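J.: quick one: sequence and predicted model below, then my questions.
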Amino acid sequence: EDEARVWFMDQRSGRWNVWYTTTTDLGATWSAAVKLSDARSGTDYKNRRGFLEPYGDYGEIAITNAGTTVAVWGEGPSYYGPGGVWFNRQR
């Protein structure tokens, strides 16, 4: 199968958020994007619209042996921090 799983960041809400999408036909079509950065609290740089800035160049995506996806990314008040590394997993 020609499947790819991708996470990406954008500012469509006016703040940064992390999104996830998949393709099974080498990118000819993509699934609807799902928002991964759904935590609304826990830091002063995050609210319901998103977070202030990507933090560093931290970011990975992996597929577990059960076939689910785990995504990891950095976010903070600035690219240089201080910030944190957040994750979300597919259920």
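T.: Sure, I can see it.
J.: going forward, measure contacts and count neighbours with C-alpha atoms only.
T.: Will do.
J.: buried set for the strand ranked longest in the chain?
T.: Longest strand in the chain, counting residues (DSSP state E): strand 53-63. By neighbour count on 16 or more other C-alpha atoms under 10 Å, the buried set for strand 53-63 is Glu53, Pro54, Tyr55, Gly56, Gly59, Ile61.
J.: export those residues to JSON lines and append columns for pLDDT.
T.: Output for the buried residues of strand 53-63, formatted as JSON lines (pLDDT from 0 to 100):
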{"residue": "Glu53", "pLDDT": "95"}
{"residue": "Pro54", "pLDDT": "94"}
{"residue": "Tyr55", "pLDDT": "93"}
{"residue": "Gly56", "pLDDT": "86"}
{"residue": "Gly59", "pLDDT": "91"}
{"residue": "Ile61", "pLDDT": "94"}
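J.: same list, those residues, but as CSV with distance to Phe87 please.
T.: Formatted as CSV, the buried residues of strand 53-63 follow (distance: C-alpha to C-alpha, whole Å):
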residue, distance to Phe87
Glu53, 16
Pro54, 13
Tyr55, 13
Gly56, 15
Gly59, 9
Ile61, 10
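J.: closest one to Val72 out of these, please.
T.: Distance to Val72 across the buried residues of strand 53-63 (C-alpha to C-alpha) is lowest for Gly59, with 5.2 Å.
J.: surely Gln11 meets Val18?
T.: No. In this structure, Gln11 is not within contact of Val18 by C-alpha atoms under 8 Å, at 9.1 Å.
J.: strand partners of the longest strand of the chain, parallel vs antiparallel please.
T.: Strand pairing for strand 53-63, determined by DSSP bridges: strand 69-76 (antiparallel).
J.: just the CA trace of the partner strand, in PDB.
T.: Below are the C-alpha coordinates for strand 69-76, written out as PDB (Å, rounded to 0.1, in the frame of the first residue of the first chain):
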ATOM      1  CA  THR A  69       0.200   6.900  14.900                       C
ATOM      2  CA  VAL A  70       2.100   8.800  17.500                       C
ATOM      3  CA  ALA A  71       3.100  12.400  16.800                       C
ATOM      4  CA  VAL A  72       5.500  14.600  18.900                       C
ATOM      5  CA  TRP A  73       6.200  18.300  18.500                       C
ATOM      6  CA  GLY A  74       7.700  21.300  20.300                       C
ATOM      7  CA  GLU A  75       5.700  24.400  21.200                       C
ATOM      8  CA  GLY A  76       6.400  27.400  23.400                       C
END
